[in-house]
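# Sharing a model prediction with you, sequence too.
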Amino acid sequence: MFSTLIIVLIVLAVLLIPILVTIGIYNSLISLRNRYKNAFAQIDVQLKRRYDLIPNLVEAAKGYMKHERETLEAVIQARNAAASAREHATADPGNAAAMAELSNAESGLGGILGRLFALSEAYPELRSNENMLQLQEELTSTESKIAFARQAYNDAVMVFNNKLEMFPSNFIANIFNFVSATMFEVSDESEREAVKVEF
């Protein structure tokens, strides 16, 4: 009788240990996926703030830069494209295509903003405008926050992707169809340099 009980306990332990390990790995994958999604939400907040600042920047510049209408319109178009890409990426930060679209849109916006700032150098009244100075400070602060949020997101993605590739979690990830996340990388080498916001 006692030996039968020991055999039953051993069989139960042999069956129960893999189930508990599977549950633990599955839960850690869910936790890591939620962590990178939360990290992207922090980028999303800062990008929205940036996109909200850009129309104010263009409005403040309009009065001074009357002959630069094409550039001002291009800034708004690039801002709208980036905002649209942000919405797609926010819906599914793990989607590689959405992240690539956002990265490309951000590169385009950074390029056109750089052109706007370069043109603004020719307008001394614009550089000394109090509203422009305040917008400059807010945009600079937002750019820094975006950089920090992007780093936190990429770190969270790396931890998640590492877990997907490591043994034995790779088996559990395949069974439950976990897919690797895409980092929010700079697609244009020129964007690796900080946008200079000087008026």
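That came through fine. Residues are numbered from 1 along each chain as shown.

# Using CSV, write out every CA atom in stretch 60-67.
Extracted as CSV, the C-alpha positions of stretch 60-67 are listed here (Å, rounded to 0.1, in the frame of the first residue of the first chain):
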residue,chain,number,x,y,z
ALA,A,60,4.3,80.9,-35.1
ALA,A,61,6.7,80.7,-38.1
LYS,A,62,4.1,81.5,-40.7
GLY,A,63,4.1,85.2,-39.9
TYR,A,64,7.8,85.5,-40.4
MET,A,65,8.4,82.9,-43.1
LYS,A,66,5.9,84.1,-45.7
HIS,A,67,8.2,83.0,-48.6
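
# Okay, buried residues for it please.
Under the neighbour-count criterion of 16 or more other CB atoms under 10 Å, stretch 60-67 has 60, 61, 64, 65 buried. Every residue, glycine included, has its C-beta placed from N, CA and C.

# What are the neighbouring residues in contact with residue 163?
Shown in contact with residue 163 (CB atoms under 8 Å, 6 or more residues apart in numbering): 28, 29, 32, 169, 173.

# err, residue 60, not the other one
Shown in contact with residue 60 (CB under 8 Å, 6+ apart): 126, 129, 131, 132, 135.

# Do I have it right that the second one meets residue 64?
Yes - with contacts defined as CB atoms under 8 Å, residue 129 counts as touching residue 64 at a distance of 7.4 Å.

# Give the burial count for residue 22, as a bare number.
By other CB atoms under 10 Å, the residues close to residue 22 number 16.

# quick one, phi psi at it?
Dihedral angles of residue 22 (phi, psi; degrees, to the nearest 10) stand at phi -60, psi -50.

# for residue 128, same thing?
Geometry field for residue 128 lists phi and psi as phi -100, psi 0, criterion degrees, to the nearest 10.

# residues of the lowest-mean-pLDDT helix or strand in the chain that come out buried?
Of all helical and strand segments in the chain, the minimum by mean pLDDT, DSSP states H and E falls on helix 124-127, at a mean of 77. By neighbour count on 16+ other CB under 10 Å, the buried set for helix 124-127 is residue 126.

# and that helix, how far from the chain's centre?
Taking CA atoms, centre = their mean, to the nearest Å, the mean C-alpha location of helix 124-127 is offset from the chain mean by 33 Å.

# Keeping just the C-alphas, turn that helix into CSV.
Once non-C-alpha atoms are left out, helix 124-127 reads as follows in CSV (Å, rounded to 0.1, in the frame of the first residue of the first chain):
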residue,chain,number,x,y,z
PRO,A,124,16.3,87.0,-36.8
GLU,A,125,12.9,88.2,-35.6
LEU,A,126,11.6,84.7,-35.6
ARG,A,127,14.6,83.5,-33.5
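
# Which helix or strand lies directly C-terminal to it?
Next helix or strand after helix 124-127 toward the C-terminus (DSSP states H and E): helix 130-165.

# relative orientation of the stretch of helix or strand residue 39 belongs to and helix 130-165 in degrees?
Under the criterion DSSP H and E, the helix or strand holding residue 39 is helix 2-62. Taking axes from the mean of the first three to the mean of the last three CA atoms, to 10 degrees, one finds that helix 2-62 is oriented at 160 degrees with respect to helix 130-165.
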